[in-house]
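A.B. asks: Sequence plus predicted model, see below.
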Amino acid sequence: MTNHKTLIVLAMHGVPPSDFPRQELAEFFVMHSRFEHASMSGDPAGTRYLELEKKLRDWPRTKDNDPYHAASFELGRELGKATGCHVVVGFNEFCAPSLDDALDHAAGSGARRVVVVTPMMTQGGEHSERDIPGAVERARAHHLGVEFVYAWPFSVPDVARFLAEQVARSLGGQSPGRA
């Protein structure tokens, strides 16, 4: 790849697969609230949490056990077609690759610019306002020769127009105010 190439990282949320063992999933979620933003050093429960998180992220995904995962990669392919850029998909939680891994992969591929975008449209969300910018900052610190751009937040009028188009499409092209 050339050194002037722009790559896109599509930051998705992620969900647990439907066939992940229920007992381990329950154990993970009990620990998740405790360890998500806390230090785990020296805590045996923290070690178990990290083991469960890795197992959950690395669980084999299919359209049947995780349609969200499949749809995320489909969105990535369509975004690549629409932009002409290579798109790497990364997940905030529950799925691999993690957002950090996706950013590292994008930077390591020879890109000079990595644009991070998410379909999370409204402000106020923890992932879009804290987790994704945190991952971008970590990537900037590790890949000094790469420009990282977080293409967010979205303009509220732009989001409203996009949603209005979806409403009109569902009404056969009619504006709801005229129907």
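C.D. replies: Structure received.
A.B. asks: So, low pLDDT: which residues of this structure?
C.D. replies: Residues of the chain meeting the criterion pLDDT under 70: 1-4, 36-42, 178-179.
A.B. asks: now the strands: where do they sit in it?
C.D. replies: Assignment of strands within the chain using DSSP state E yields the ranges 6-12, 86-91, 113-117, 147-150.
A.B. asks: most tightly surrounded among those?
C.D. replies: Of all the strands of the chain, strand 6-12 has the most neighbours on average by mean count of other Cβ atoms under 10 Å, namely a mean of 25. To be clear about C-beta, it is placed using only N, CA and C from the backbone, and glycine gets the same treatment.
A.B. asks: strands paired with that one, and their directions?
C.D. replies: strand 86-91 (parallel), strand 113-117 (parallel) (DSSP bridges).
A.B. asks: Distance from that strand to the middle of the chain?
C.D. replies: Chain-centre distance of strand 6-12: 8 Å, with Cα atoms, centre = their mean, to the nearest Å.
A.B. asks: got a list of contacts for it?
C.D. replies: 68, 72, 75-76, 79-80, 83, 85-92, 95, 99, 102-103, 106, 109, 111-120, 127, 132, 135 (Cβ atoms under 8 Å, 6 or more residues apart in numbering).
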